[in-house]
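*Asks:* Curious how this folds, go ahead:
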Amino acid sequence: MSTLRFKVVEEAFKRKPVPATVPDKITSEYYGKYVFNREQMAKYLSKDTMKTVCEAIDKGKTLSRDIGSHVAAGMKMWAMEMGATHYTHWFQPLTDGTAEKHDSFIEYVNEPGGPIIEEFSGKLLVQQEPDASSFPSGGIRNTFEARGYTAWDPSSPAFIVGDTLCIPTVFISYTGEALDYKAPLLRALNAVDKAAVEVCRLFDENVKKVYSYLGWEQEYFLVDEALCSARPDLLLTGRTLMGHESAKNQQLEDHYFGAIPARVTEYMRDLEFEAYKYGIPLKTRHNEVAPNQFELAPIFSETNLAVDQNIFIMSLMDKIARKHNFRVLMHEKPFAGVNGSGKHNNWSLGTDTGVGLFTPGKTPEENLQFVTFLVTTMKAVYKHNALLKASIMTAQNAHRLGANEAPPAIISIFLGSQLSAVLDKLENSNSEDAIIVDDKKKMKLDIAHIPEVLIDNTDRNRTSPFAFTGNRFEFRAVGSSANCASAMIALNTAVASQLKEFKAEVDAKIKAGSSKEKAIFDTIKQYIKDSKAIRFDGNGYSDEWKEEAQKRGLDCETSVPVIYDAYLKPETIRMFAETCVMTDKELHARNEVKWEMYTKKIQIEARVLGDLSMNHIIPVATRYQSMLLDNVYKIQQVYPTDKAKVLSAMDSAIIEDIAEHISTIKTDVDAMVEARKVANRIENEREKAIAYHDTVSPYFDKIRNAVDKLELTVDNEMWTLPKYRELLFIR
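*Replies:* Here you go, the predicted structure:
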């Protein structure tokens, strides 16, 4: 009898909700308590310093070292009053999380051994030197070349965790290449700002800055901590490598938006209270489609800050989950047969004059600007659809895309019938006066006490990876465990490049004698024609669409390592270079990291799957098989020959099935190990990743299929691993 499994199931069943720690103030009174935001800067910085810092944040002006010293003094005073004793540069290396090295504020006054004081200089605020060779660098830094730099990002406010002041920074090598997500993201945001401002000035000379906005939606699973601890695959890989689906999963569609379980509600409340202290404006919480799957989402904010907040809240979710005896599963597909988890990125652009560039206007000129940015984005996505797919593709996300309501791994744009009709009309029109778009249309319901309902000018399409949703685009293909920066770097850079091209084409037409309006209109018409292949409003899951997408020339590659090649296409390298976002060297290095990370993740999963198969599954199956054999022997001893044949026939059939499945598992595990050994001898990271994709990972489903059949056969009390019905339905 599997005592461990039943012990953890019993423990999980007995759990009671852990009451959330409720603040004694309303949200607005403690919101941002642990953040050195503008409100705190106004208290601890001089007016001149405050003005300079705000100009750096709002207008991109460079801060001097002297200003850094003034900020450091004020920041240290605030942090120490909040109980901080240490500080750290908080950065995002090319791994799945963040990095930090804590230093205390103490320094000797004059000489070693003398009295100490608390000190935090501008030099310590602005720059630090972590070991660059200890983080993924894709060959930019050798093991013996250790120097690297972190540099303060004033546009993302410092915050306090426990006793440590955390300062968001970029991370670069000694030779200046970006080794993180934030540095190229900031460059991409700067590129789209400059390019969009130039286009906006065709319509409004007062526009001086364009902001990129991001609103992410974080999906995740919660599993009781005891159950998770009894599943080595969940602990080590974040997903179940085996497990037959429960008889009941999500087919009744009764979990989505259902009543939130009491334990989960208390967890969500605690998470929200903590998030508010860090200035993260969580707005929405609800049950997602799969059992024990949930979602949270904040109010949107500027992209750089939104990325930092998402990375931070992922760690906060894990920390608070443990207090409530949960484990958070961020993997894109922790359970087969039910919905995976995504992180929809709602992206938009807006001006410093308060205009949303993807919001339809009230005048023909405003609508011309709206259509300009809409169509230019469409062309950018069309030209770089392979790159956008590469930006969201990982070993984990490959399991999710194209299954159970996740969008397919083919990038297309959904516009909805109204906008599609508008663009079709424009394409066939000869007059710029044809641009008329209603932001909302009214629909009156024939129910007395229900008011007028405003209907968005687009429907929603769950199967679209990149959908227009009224005043923004929703990049639905981003995975739940991902750093949003990867997708935002690719998207903002592609749009920036296309906006620059648009402005150049319009200027050339004007120089040739065309009016500004006609030049814009003619360029838009051409872009609509050029990018028509990216528009698709139908079912992205259908086989017909896959065939159609290939005919349209869209990227339909399914091998993750090969998908990464999109970063190294000549046109992609040229685009990143011309927008000053990433160099050729940085792009090649990042791909080396991507291939290496893919290989290691598949390698770990293969090892865990092999270990579980040989150490858990086969021993249990053979033990049960022995019991059946013993039973057959006893039947033959007790009953007459004819009756014994009848009675033992069923057991004999089961014994043969078990033997067949055990043989399959052993054969495939041995073959998988051998394939791994062969792949490990390959030195080229790309070729090694491809070998793992082509020769190692195909064994996963074969082995799993045999294991899952054994799960249905072997005595329930003997099965060692918590089953899907326990993992998904114990709440």
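
*Asks:* Sketch out the low-pLDDT regions of the stretch 1-150 of the chain for me.
*Replies:* Regions of the stretch 1-150 of the chain meeting the criterion pLDDT under 70 cover residues 1-2, 143-146.

*Asks:* Show the residue spans covered by the helices in it.
*Replies:* Using DSSP state H, counting those that start in this stretch, the helices of the stretch 1-150 of the chain run over 3-13, 27-30, 38-44, 47-59, 65-81, 122-126.

*Asks:* For Ile665, find the nearest of those.
*Replies:* For Ile665, the closest of these is helix 3-13, at 19.7 Å, according to C-beta to C-beta. Every residue, glycine included, has its C-beta placed from N, CA and C.

*Asks:* So which bits of that closest one are buried?
*Replies:* Of all the residues in helix 3-13, those buried under the rule 16 or more other C-beta atoms under 10 Å are 5-6, 8-9, 11-12.

*Asks:* same thing with stretch 581-589?
*Replies:* For stretch 581-589, by 16+ other C-beta under 10 Å, it's 581-583, 586-589.

*Asks:* In JSON lines, list these along with secondary structure, distance to Tyr699 and pLDDT.
*Replies:* What follows is the buried residues of stretch 581-589, written out as JSON lines (DSSP: H, G, I helix; E, B strand; the rest coil; distance: C-beta to C-beta, whole Å; pLDDT from 0 to 100):
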{"residue": "Val581", "secondary structure": "coil", "distance to Tyr699": "39", "pLDDT": "98"}
{"residue": "Met582", "secondary structure": "coil", "distance to Tyr699": "36", "pLDDT": "97"}
{"residue": "Thr583", "secondary structure": "coil", "distance to Tyr699": "39", "pLDDT": "97"}
{"residue": "Glu586", "secondary structure": "helix", "distance to Tyr699": "35", "pLDDT": "96"}
{"residue": "Leu587", "secondary structure": "helix", "distance to Tyr699": "32", "pLDDT": "97"}
{"residue": "His588", "secondary structure": "helix", "distance to Tyr699": "31", "pLDDT": "96"}
{"residue": "Ala589", "secondary structure": "helix", "distance to Tyr699": "31", "pLDDT": "95"}
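
*Asks:* With respect to His693, which of these is nearest?
*Replies:* Of the buried residues of stretch 581-589, the one sitting nearest to His693 (C-beta to C-beta) turns out to be His588, at 19.9 Å.

*Asks:* Hmm, the closest one is touching Glu177, no?
*Replies:* No - at 10.3 Å, His588 does not count as touching Glu177 under the criterion of C-beta atoms under 8 Å.

*Asks:* tell me which of the buried residues of stretch 581-589 is nearest to Glu81?
*Replies:* In terms of C-beta to C-beta, no member of the buried residues of stretch 581-589 lies closer to Glu81 than Val581, at 39.1 Å.

*Asks:* List the contacts of that closest one.
*Replies:* 184, 187-188, 191, 489, 493 (C-beta atoms under 8 Å, 6 or more residues apart in numbering).

*Asks:* For Val707, state which of those is nearest.
*Replies:* Ile489 (39.4 Å).

*Asks:* chain center to the helix or strand hosting that closest one: distance?
*Replies:* Ile489 is located in helix 484-511, with elements delineated by DSSP states H and E. Offset of helix 484-511 from its chain centre (C-alpha atoms, centre = their mean, to the nearest Å): 24 Å.

*Asks:* And Leu45, how close does it get to Trp595?
*Replies:* For Leu45, the distance to Trp595 equals 45 Å [C-beta to C-beta, to the nearest Å].

*Asks:* next one: Gly538
*Replies:* In this view, Gly538 and Trp595 are 34 Å apart by C-beta to C-beta.

*Asks:* What helices and strands are in contact with the helix holding Ile489?
*Replies:* helix 182-200, strand 210-224, helix 303-323, strand 343-351, helix 364-383, helix 385-392, helix 516-530, helix 570-578 (3 or more C-beta pairs under 8 Å, 6 or more residues apart in numbering; DSSP states H and E).

*Asks:* change it to 6 Å
*Replies:* In terms of contacts (3 or more C-beta pairs under 6 Å, 6 or more residues apart in numbering; DSSP states H and E), helix 484-511 is packed against helix 182-200, helix 303-323, helix 364-383, helix 385-392, helix 516-530.

*Asks:* between that helix and strand 210-224, how many degrees?
*Replies:* Computed by axes from the mean of the first three to the mean of the last three C-alpha atoms, to 10 degrees, the angle separating helix 484-511 from strand 210-224 equals 160 degrees.

*Asks:* Report the rounded mean pLDDT for helix 484-511.
*Replies:* In this model, helix 484-511 carries a mean pLDDT of 98.

*Asks:* swap in stretch 566-580?
*Replies:* 98.

*Asks:* Straight-line length of it, end to end?
*Replies:* Counting by C-alpha to C-alpha, to the nearest Å, you get 18 Å between the two ends of stretch 566-580.

*Asks:* what do you get for stretch 326-344?
*Replies:* End-to-end for stretch 326-344, by C-alpha to C-alpha: 24 Å.

*Asks:* now do stretch 85-105
*Replies:* Terminal-residue distance, stretch 85-105 (C-alpha to C-alpha): 6 Å.

*Asks:* Show me what that stretch is in contact with.
*Replies:* Contacts to stretch 85-105, defined as C-beta atoms under 6 Å, 6 or more residues apart in numbering, come from residues 118, 120, 128, 130, 135-136, 150, 163-169, 171, 180-182, 311, 593.

*Asks:* do you know how far the nearest residue to Pro407 once chain neighbours are set aside is from Asn345?
*Replies:* Using C-beta to C-beta, 6 or more residues apart in numbering and skipping the chain neighbours, the partner closest in space to Pro407 is Pro465 (3.8 Å). Distance, Pro465 to Asn345, using C-beta to C-beta: 11 Å.

*Asks:* for Lys709, same thing?
*Replies:* On the measure of C-beta to C-beta, Lys709 and Asn345 end up 39 Å apart.

*Asks:* What of Tyr213?
*Replies:* 10 Å.

*Asks:* Compare these two (neighbour count), which wins?
*Replies:* Asn345 (27 against 18; other C-beta atoms under 10 Å).

*Asks:* so that one touches Ser480, yeah?
*Replies:* No - under the criterion of C-beta atoms under 6 Å, Asn345 is not in contact with Ser480, lying 11.5 Å apart.

*Asks:* Helix, strand, or coil at Ala395?
*Replies:* Counting by DSSP: H, G, I helix; E, B strand; the rest coil, the backbone at Ala395 sits in coil.

*Asks:* That one and Ile618: what is the separation?
*Replies:* 26 Å.

*Asks:* again, but for Ser480
*Replies:* 33 Å.

*Asks:* out of these two, which sits in the more crowded spot?
*Replies:* The residue with more neighbours, out of Ser480 and Ile618, is Ser480; 26 against 20, by other C-beta under 10 Å.

*Asks:* Return the residues in contact with the most centrally placed residue in the chain.
*Replies:* When C-alpha atoms, centre = their mean is applied to the chain, the residue found nearest the centroid is Ala482 (2.9 Å). With contacts defined as C-beta under 6 Å, 6+ apart, Ala482 has no neighbours.

*Asks:* Helix or strand for it, just tell me which one.
*Replies:* Short version, using DSSP H and E: Ala482 is in no helix or strand.

*Asks:* what about it, distance to Arg472?
*Replies:* Relative to Arg472, and taking C-beta to C-beta, Ala482 is found at 19 Å.

*Asks:* just for the protein, where's the confidence low?
*Replies:* Ranges of the chain meeting pLDDT under 70: 1-2, 143-146, 402-406, 431-462, 643-648.

*Asks:* Check it for me, the residue farthest from its geometric middle.
*Replies:* Pro640 (65.5 Å).

*Asks:* sorry, back to before: show me the one of the helices of the stretch 1-150 of the chain that comes nearest Lys546.
*Replies:* helix 3-13 (41.0 Å).

*Asks:* Run the chain-centre distance for the closest one.
*Replies:* So, by C-alpha atoms, centre = their mean, the centroid of helix 3-13 is 33 Å from its chain's centroid.
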